[in-house]
Structure formats: structure tokens, C-alpha cells
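> Predicted model follows, preceded by the sequence.
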Amino acid sequence: MLPEEVFQLVRQIPEGRVSTYGAIAKTLDKPRGSRLVGWIMNKAHVCEQYVPAHRVVNRNGLLSGKIHFETPTAMEEKLAAEGIIVIDDQIQNFEKVLWSDFKVE
DNA sequence: AGCCTGACCTAGG
DNA sequence: TCCTAGGCCAGGC
């Protein structure tokens, strides 16, 4: 469960799709370690490479991490720019935009 | 050197 | 069905 592993998986999420902390944790063989994924995401902005942190939400499709962005609306706006509709911090058609076909290293 | 705390999730009562 | 507790593990105090 290293930050690089998490970031690499997050980078696999295509534009216009989202994934969950739990799916990432599961991919890293830590099905119960989703909390750590969120914790690691805290320093995603320190990473040299681009990490599309806005494409990671909780398992309900709720933008639980929006408060950690530069502005309160940054996450929602980035998602909207990729065609994902967000209403009241909730992703619409969540099942359709959900993506978890992670490639295991 | 402990204790506390997370961008969470699941199971059990 | 709602609510509680426990697991994950590194970093801050």
C-alpha cells in the first residue's frame, strides 16, 4: 500500500469515468484498507505526475473528498468538464460511469 | 513512545 | 432498516 501504487491505479481511470476508494483498496489486496486510500490521496497533489483525484469517490458516488481540493467546487467542475453530472455532491448515473477494470501490475 | 485520526467499507446486532 | 464497531497503517501531536 504505497502512494505510488495508489496513484498509478488512479491514473488508469479514463476520462468521463470514476472509481471508488474501495475498488482501489481491493485491487491492492487490502479489501478493508479503503481508509488508507483516502489518507494517501491527501498528498496526491505532492506527486510530480498528474493524479486525477477528482475521479475517485466513495462507494455511494458521493464527492466525499471535495473539501480537500483547492476550492469547494473544483472537484465537481472537473467532473462536469468530463461529462459527469453532479447534483448536490452526488454523481448521477453512478453505476454507468463507475469503472473498476484496474490493471494489476 | 504511545494515542489519535483520517478523501472508507463491511459485517453484525 | 438503521446504527455501531472494527479493520486498514502511516504521520502528527
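Looks like it came in fine.

> next helix or strand past the longest helix out of those in chain A?
Ordering each helix of chain A by length in residues (DSSP state H) puts helix A:3-12 first. Using DSSP states H and E, the next helix or strand after helix A:3-12 towards the C-terminus is strand A:19-20.

> Run through the helices of chain A in chain order.
Along chain A, counting by DSSP H, helices occupy A:3-12, A:21-27, A:34-41, A:74-81, A:94-97.

> okay if I get these as JSON lines plus mean neighbour count?
Every C-beta, even on glycine, is put in place using the N, C-alpha and C of the backbone. Conversion of the helices of chain A to JSON lines gives the following (neighbours: other C-beta atoms under 10 Å):
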{"stretch": "helix A:3-12", "mean neighbour count": "18"}
{"stretch": "helix A:21-27", "mean neighbour count": "21"}
{"stretch": "helix A:34-41", "mean neighbour count": "18"}
{"stretch": "helix A:74-81", "mean neighbour count": "17"}
{"stretch": "helix A:94-97", "mean neighbour count": "13"}
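
> Compile those helices into TSV and extend it with columns for mean pLDDT.
Below are the helices of chain A laid out as TSV (pLDDT from 0 to 100):
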stretch	mean pLDDT
helix A:3-12	93
helix A:21-27	94
helix A:34-41	93
helix A:74-81	97
helix A:94-97	95
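
> Check whether residue A:5 really touches residue A:30, as I assumed.
No: contact criterion C-beta atoms under 8 Å: residue A:5 and residue A:30 do not qualify, at 10.2 Å.

> returning to what we had before: turn the helices of chain A into a markdown table, including distance to DNA strand B.
Listed next are those as a markdown table, based on distance: least, C-beta to the nearest atom of the strand, whole Å:
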| stretch | distance to DNA strand B |
| --- | --- |
| helix A:3-12 | 9 |
| helix A:21-27 | 3 |
| helix A:34-41 | 3 |
| helix A:74-81 | 7 |
| helix A:94-97 | 12 |
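
> Compare those and give me the one nearest residue A:61.
Using C-beta to C-beta as the measure, helix A:94-97 is the one of the helices of chain A that comes nearest residue A:61, at 3.3 Å.
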